[in-house]
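>>> Quick one, fold the following:
(4 chains)
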2 protein chains.
Amino acid sequence: MANTNTARSISSPAEGEPGSKAYTVLHAARKIFLTYGFGSATTDMIQREAAVSKSTVYAHYANKEALFVAVVEAECRTFAETVRAIKFCPGQLKVTLTALARTYLEIVLSPSGLALHRIIVSEGPRFPALAQTFYMAGPSVITAMVADHLASAAASSEVELGDLKFEEAARVFINMVRSEPQLYSLTHPDSSPVKEQIERWVEVVVSTFMRAYGR
Amino acid sequence: MANTNTARSISSPAEGEPGSKAYTVLHAARKIFLTYGFGSATTDMIQREAAVSKSTVYAHYANKEALFVAVVEAECRTFAETVRAIKFCPGQLKVTLTALARTYLEIVLSPSGLALHRIIVSEGPRFPALAQTFYMAGPSVITAMVADHLASAAASSEVELGDLKFEEAARVFINMVRSEPQLYSLTHPDSSPVKEQIERWVEVVVSTFMRAYGR
DNA sequence: GTCTATATGAAGATAGAC
DNA sequence: GTCTATCTTCATATAGAC
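Numbering: from 1, shown residues only, chains lettered A, B, ... in the order given. Reported below is the predicted structural model:
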């Protein structure tokens, strides 16, 4: 507790360089925490996974919690980048929304997407700041992107939102897209939804949105 | 592992009678597990909370996992009953859906509703059967109820679902209602959404659904 | 069934040599 | 910085008396 750093790492920059021990530790910690969560993961597992000694772990991270924070923050950054990299294919709004929904679901339903969601939700009370970081990195980002697109669509009279703000309509759409398949995947770890089910869900959601607000 | 019971309790019926030690243990375990999750909860905490000795705990439950299963299963039963008890106020479909959405959100966003969701999601990989039980007890039940109601509404031409089945439309509605406020609450443990935000969300969701499918 | 006391093992973290 | 070896604490689970 003696370092004035943000309590993430002791030696800086450390994490950045692949090949360094610090990087190896972080990478191993990522795998272990995403697999077992915070409580059930042990520093022994991480040390073994990284093939380093205990003291190497503690040379770079003050304790288990600091290591966890570093892992989740890095994961949120990656997540946000992936979301931001989604390309809006130009054309009819319905086509654009369909493609967007597919891509967003691919990210959210990926093994690491689900794992990140799991640990964020379960460790929310213990790490409130991390949970908010995740919300800002994921749902907030994609919602803002969709809101922008809806604004364009409104300008060319493709949508008519009534008294809804762009941001509200975007939120409705994104939540409709994510909610059911995500909950199903989280509660059925053995049998993830098949391609056809996801495709049908996307179709239902997009057509619902277009029936409500399309012109 | 020697009992042919469902591995829930050793002495039966046990849990049923309030005042019995078994009940006290289960009640204490509920509080601890819902607060700390599975991994971070300890049998010491439960024993202390119940004000009994260690051996009393193990006299009624084979081990920590069995106790956890008993707690979550009981919680799912309670949850399902609460959901099933929701009354559909008769009248205009829009009014009915609004009331339903409010009540459902009250349940889902309650402290125990959020806590149950947290432990189900985080322990899904370790207890897949429990996670599925939860899905059947919550989302499945409410969706079926809404689907029934939509069928009635369709009979009196209040809705026109196009090529959607009643069950699909119900799923869309329920997921729209729950998704955003639940995720926000889970990722902002300190500041739960205020009444006005929830009320606005309900309004947005119901009007979206009615614009899409109301007649 | 219930208690006190304890066995057993593991987890987080550190000491000290190199 | 990195290792081996170890300290300390604490958690799950059991033994044995009542």
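>>> Show me which residues of the helix or strand hosting residue A:198 are buried.
According to DSSP states H and E, residue A:198 maps onto helix A:195-213. By 16 or more other Cβ atoms under 10 Å in any protein chain shown, the buried positions in helix A:195-213 come out as A:198, A:201-202, A:204-213. All C-beta spots, glycine's among them, are computed from the backbone N, C-alpha and C.
>>> mind putting these in CSV, pLDDT and distance to DNA strand D included?
Below are the buried residues of helix A:195-213 laid out as CSV (pLDDT from 0 to 100; distance: Cβ to the nearest atom of the strand, whole Å):
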residue, pLDDT, distance to DNA strand D
A:198, 98, 38
A:201, 98, 39
A:202, 98, 43
A:204, 98, 44
A:205, 98, 42
A:206, 98, 47
A:207, 98, 49
A:208, 98, 46
A:209, 98, 47
A:210, 98, 52
A:211, 98, 52
A:212, 98, 50
A:213, 98, 51
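>>> wait, does stretch A:25-39 contact DNA strand C?
No: residues of stretch A:25-39 are not located near DNA strand C by Cβ under 7 Å from any atom of the strand, the shortest gap being 8.4 Å.
>>> That stretch near DNA strand D at all?
No: Stretch A:25-39 is not in contact with DNA strand D by Cβ under 7 Å from any atom of the strand; minimum separation 8.1 Å.
>>> Show the contacting residues for residue A:154.
Taking Cβ atoms under 8 Å, 6 or more residues apart in numbering or on different chains as the criterion, residue A:154 is in contact with A:160-161, A:166.
>>> for DNA strand C, what are the nearby residues on chain A?
Residues of chain A lying close to DNA strand C (Cβ under 7 Å from any atom of the strand) are A:41-44, A:54-55, A:58, A:63-65.
>>> Of the residues you listed - the most surrounded one?
residue A:41 (22 neighbours; other Cβ atoms under 10 Å in any protein chain shown).
>>> which outside residues touch the helix holding residue A:198?
Counting by Cβ under 8 Å, 6+ apart, A:93-94, A:97-98, A:101-102, A:105, A:109, A:159-162, A:164, A:169, A:172-173, A:176-177, A:180-181, A:193, B:162, B:164, B:168, B:172, B:208-209, B:211-213 sit against helix A:195-213.
>>> Run the angle between that helix and helix B:195-213 for me.
Calculated by axes from the mean of the first three to the mean of the last three Cα atoms, to 10 degrees, helix A:195-213 forms an angle of 100 degrees with helix B:195-213.
>>> In which helix or strand does whatever residue of chain A ends up closest to chain B reside?
In chain A, the residue that lies nearest chain B is residue A:39 (2.7 Å; Cβ to the nearest Cβ). Per DSSP H and E: residue A:39 is located in helix A:21-40.
>>> Summarise which helices and strands that helix is packed against.
Packing partners of helix A:21-40 (3 or more Cβ pairs under 8 Å, 6 or more residues apart in numbering or on different chains; DSSP states H and E): helix A:43-50, helix A:54-60, helix A:64-84, helix A:111-123, helix B:21-40.
>>> nearest to residue B:74, of the ones you listed?
For residue B:74, the closest of the helices and strands packed on helix A:21-40 is helix B:21-40, at 7.0 Å, according to Cβ to Cβ.
>>> got the buried residues for that closest one?
Neighbour counts over helix B:21-40 (16+ other Cβ under 10 Å) mark B:21-40 as buried.
>>> now it, how far from the chain's geometric center?
Here helix B:21-40 is found 17 Å from its chain centre; the criterion is Cα atoms, centre = their mean, to the nearest Å.
>>> Kindly report the same for stretch A:106-114.
Relative to the mean C-alpha coordinate of its chain, stretch A:106-114 is positioned 8 Å out (Cα atoms, centre = their mean).
>>> Could you give the average pLDDT over it?
Mean pLDDT, computed over stretch A:106-114, is 98.
>>> who's in contact with that stretch?
Stretch A:106-114 has contacts (Cβ under 8 Å, 6+ apart) with A:34, A:75, A:79, A:82-83, A:117, A:178, A:181-182, A:185-186, A:192-193, A:198.
>>> go on, stretch A:28-38?
Contacts for stretch A:28-38 (Cβ under 8 Å, 6+ apart): A:41-42, A:45-47, A:49-50, A:64, A:67-68, A:70-72, A:74-75, A:112, A:115-116, A:118-119, A:122-123, A:126, B:39-40, B:122.
>>> repeat that for 6 Å
A:41, A:45-46, A:49-50, A:67-68, A:71, A:115, A:119, A:122-123, B:122 (Cβ atoms under 6 Å, 6 or more residues apart in numbering or on different chains).
>>> still on that earlier bit, which of the contacts of stretch A:106-114 count as buried?
Neighbour counting with 16+ other Cβ under 10 Å marks A:34, A:75, A:79, A:82-83, A:117, A:178, A:181-182, A:185-186, A:193, A:198 as buried within those.
>>> Looking at the residues you listed, which one is closest to residue B:135?
Residue B:135 lies nearest to residue A:186 out of those, by Cβ to Cβ, at 8.9 Å.
>>> how distant is stretch A:201-215 from the center of its chain?
Here the centre of stretch A:201-215 is set off from its chain's centre by 24 Å, with Cα atoms, centre = their mean.
>>> Return that stretch as PDB; C-alpha atoms alone will do.
The C-alpha trace of stretch A:201-215 is given here as PDB (Å, rounded to 0.1, in the frame of the first residue of the first chain):
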ATOM      1  CA  TRP A 201     -33.800 -13.800 -32.900                       C
ATOM      2  CA  VAL A 202     -32.000 -11.100 -34.900                       C
ATOM      3  CA  GLU A 203     -34.800 -11.200 -37.500                       C
ATOM      4  CA  VAL A 204     -37.500 -10.900 -34.800                       C
ATOM      5  CA  VAL A 205     -35.800  -8.000 -33.100                       C
ATOM      6  CA  VAL A 206     -35.000  -6.000 -36.200                       C
ATOM      7  CA  SER A 207     -38.500  -6.500 -37.600                       C
ATOM      8  CA  THR A 208     -40.000  -5.400 -34.300                       C
ATOM      9  CA  PHE A 209     -37.900  -2.300 -34.300                       C
ATOM     10  CA  MET A 210     -38.700  -1.500 -37.900                       C
ATOM     11  CA  ARG A 211     -42.400  -2.000 -37.400                       C
ATOM     12  CA  ALA A 212     -42.300   0.400 -34.500                       C
ATOM     13  CA  TYR A 213     -40.100   3.100 -35.900                       C
ATOM     14  CA  GLY A 214     -39.400   2.400 -39.600                       C
ATOM     15  CA  ARG A 215     -40.900   4.600 -42.400                       C
END
